[in-house]
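> Sequence first, predicted coordinates after that:
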Amino acid sequence: MFPPRAADDRYSMRRRLLLAFGILLVVFLGVAGYVLDRAFKQSVAAAVAERLQLQVYALVGVAEPERGGFFVPDPEEARFSQIDSGLYGFIYDAAGRELWRSASALNLVVDAAGLLDMQQLPGQTSYGELSIEGDVLAWAAYGTYWQSLDETFFFLVLETNAPSVAEIVAFRTNLYVWFGALTVLLSIAQYLLLRWGLQPLQQLAREVSAIETGAQNELQRHYPEELEGVTQNLNLLIKSERERQNRFRTTLGDLAHSLKTPLAVLSTALQEAQGAAALSEDQRQDMREQLQRMDQIVSYQLKRAVKGSQLPMARPVSVLPVMEKLSAALQKVYRDKQMQVELRCAAGVQFFGEESDLLEVAGNLLDNAFKYGHRRIRVTAAQQGKGLLLTIDDDGPGVAASDRHFVLQRGARADTAKSGQGIGLAVVVEIVSAYAGATNIQTNEWGGAAVTVRFG
């Protein structure tokens, strides 16, 4: 018994999956956005460094030394000639003295001593950033050795980061917009896919509801292999439950049919005792035996309803005393017919099973033989290993070949002139089948019915 679940413990699988995949989607897109942003920033920084290096090489290419400084006749980059254009050029000597600056840098104050590494080897380029009056500038410094002057000089180019920052901001804006739209689209697709993926569960729930309302008897649709075991077990459970309900419903009918013969014996004994002051000892003994049998029948039928079709434990039961007891009881019930019963059963023949099962089968078959026979009944019992072959013949009208399968069904009766419910032979078939046996109806040499049952 599972403990009751609190109301706040209830959850929806779809909601849980949507939440899990939603979190995964947000985390994935967040990490992807961060990686793309970092990669773009690095690519922009690399592009700026490459551009600054090209500007440095361009200055080195056109610069000409003169007494006390450098002369740059016509820089290729026009922004060097525009004041505060955002691109600035400088040339320093090894002592850090400024030898030249571009026209664009007339208003720019740069601390070259704190910026440049005067020990930098010629041919090497260094990069960095600095802030001047709130404006962030990227710079590149290149050291070169001038052989004709036997002196080292440093070329410095600075460029404002405003265009790069604007480019990064524009990229981030587009990234957020596209990733936001992608998140919405993926969320919708995720919802639709989960709805499609969970459709078999919804269909299973609908089929279970249909079974509960009686619209169908079992789960009929084909389900994915992950649910195949569940649906098969559910069908087995439903079938088992229905069989159990059917067993309980039929038990009352079987019980009533099983009690018919003992009640008939008691009724006959009471009729014989009418008018007498007291019952005879034989009559009281008959009534005690029949009452005891009725009690055994009730216990047996209830036990069979609970056990279903499970095979009983194999235990030897002597067949001859059971047949003698049943024959004597039915002789009293059908006293007016004066039936001759021939028992062909050796003393050593045994039935391996519950005695109540043998009583039920033989009692039903003998009762039919007494009911439909005219004068003669023959009971033949033979041992077959641990199995038993039991044949009961009568000299009645027999059963037509076309009716033999029909009369073995519950409630079926070929002769409606005789009293009965059509249950006896169905009970015989059910019990014999539980012993992996078979029931067969033929015609004997008298022209009557020969009913043969084989246990095991």
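Yes, it's here.
> what residues are up against the nearest residue to Ala382 once chain neighbours are set aside?
Among residues not flanking Ala382 along the chain, Leu389 sits closest, at 4.6 Å (C-beta to C-beta, 6 or more residues apart in numbering). All C-beta atoms are positioned from the backbone trio N, CA, C, and that covers glycine. If you count contacts by C-beta atoms under 8 Å, 6 or more residues apart in numbering, Leu389 has them with Thr380, Ala381, Ala382, Gln383, Thr452, Val453, Arg454, Phe455.
> buried sites along whichever strand or helix holds Leu389?
Assessed by DSSP states H and E, Leu389 sits inside strand 387-394. By 16 or more other C-beta atoms under 10 Å, the buried positions in strand 387-394 come out as Leu388, Leu389, Leu390, Thr391, Ile392, Asp393, Asp394.
> Just the CA coordinates for it, please, in PDB.
Listed next in PDB are the C-alpha coordinates belonging to strand 387-394 (Å, rounded to 0.1, in the frame of the first residue of the first chain):
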ATOM      1  CA  GLY A 387      -3.600 -40.000 -15.200                       C
ATOM      2  CA  LEU A 388      -7.200 -41.400 -15.100                       C
ATOM      3  CA  LEU A 389      -9.500 -42.400 -17.900                       C
ATOM      4  CA  LEU A 390     -13.100 -42.400 -16.800                       C
ATOM      5  CA  THR A 391     -16.000 -43.400 -19.100                       C
ATOM      6  CA  ILE A 392     -19.700 -43.300 -18.200                       C
ATOM      7  CA  ASP A 393     -22.100 -45.000 -20.500                       C
ATOM      8  CA  ASP A 394     -25.900 -45.000 -20.400                       C
END
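> Any idea how far that strand is from the middle of the chain?
Offset of strand 387-394 from its chain centre (C-alpha atoms, centre = their mean, to the nearest Å): 50 Å.
> Average the pLDDT values over that strand and round to the nearest integer.
Averaged over strand 387-394, pLDDT sits at 94.
> That one: partners in the sheet, and parallel or antiparallel?
Partner strands and pairing direction for strand 387-394 (DSSP bridges) are strand 376-384 (antiparallel), strand 449-455 (antiparallel).
> Skip ahead from the strand ranked longest in the chain and say which helix or strand is next.
Scanning the chain for the strand with the most residues, using DSSP state E, yields strand 135-146. Going down the chain from strand 135-146, the next helix or strand is strand 151-160, by DSSP H and E.
> Okay, angle between the following helix or strand past that next one and strand 135-146 too, please.
For strand 151-160, the following helix or strand on the C-terminal side (DSSP H and E) is helix 162-197. Taking axes from the mean of the first three to the mean of the last three C-alpha atoms, to 10 degrees, one finds that helix 162-197 is oriented at 120 degrees with respect to strand 135-146.
> and helix 162-197, what does it pack onto?
helix 13-62, strand 135-146 (3 or more C-beta pairs under 8 Å, 6 or more residues apart in numbering; DSSP states H and E).
> For Lys332, which of the ones you listed is the nearest?
Lys332 sits nearest to helix 13-62 of all these, at 68.5 Å, using C-beta to C-beta.
> Relative to Phe153, how far out is Gly123?
12 Å (C-beta to C-beta, to the nearest Å).
> Those two: which is more packed in?
Phe153 (21 against 9; other C-beta atoms under 10 Å).
> Which pLDDT does the model give the more buried one?
88.
> quick one: buried residues of stretch 26-38?
Here stretch 26-38 shows Gly33 as buried, counting by 16+ other C-beta under 10 Å.
> what residues does it touch?
Contact with stretch 26-38 is made by Phe171, Arg172, Leu175, Tyr176, Phe179, Leu182, Thr183, as judged by C-beta under 8 Å, 6+ apart.
> So for Glu226, which of the helices and strands packed on helix 162-197 sits nearest?
Taking the helices and strands packed on helix 162-197 one by one with C-beta to C-beta, helix 13-62 is closest: 13.2 Å.
> The closest one vs strand 151-160, what angle?
Using the same axes, to 10 degrees: helix 13-62 against strand 151-160 is 140 degrees.
> Could you pull up the mean pLDDT of helix 13-62?
Helix 13-62 comes out at a mean pLDDT of 89.
> Quick check: next helix or strand after that helix?
Assigned by DSSP H and E, the successor of helix 13-62 is strand 64-66.
> What residues of the helix or strand following that next one count as buried?
On the C-terminal side of strand 64-66, the closest following helix or strand by DSSP H and E is strand 69-71. By neighbour count, and taking 16+ other C-beta under 10 Å as the criterion, the buried residues in strand 69-71 are Phe70.
> Can you give the strand pairings for strand 69-71, parallel or anti for each?
Sheet pairing for strand 69-71, using DSSP bridges, gives strand 64-66 (antiparallel).
> buried residues in stretch 165-178?
By neighbour count on 16+ other C-beta under 10 Å, the buried set for stretch 165-178 is Glu167, Ile168, Phe171, Leu175.
> I'd like to know which of those is nearest to Leu130.
Distances from Leu130 to the buried residues of stretch 165-178, taken by C-beta to C-beta, are shortest for Ile168, at 18.8 Å.
> Give me the pLDDT value at the closest one.
So Ile168 comes in at 91 (pLDDT).
> do the same with the one 10 residues further on
Trp178 is assigned 92 on the pLDDT scale.
> heads up, I number from 24, so please use that
All right, first residue 24 from here; so that's Trp201.
> quick one: secondary structure of Tyr150?
Taken by DSSP: H, G, I helix; E, B strand; the rest coil, the conformation at Tyr150 corresponds to strand.
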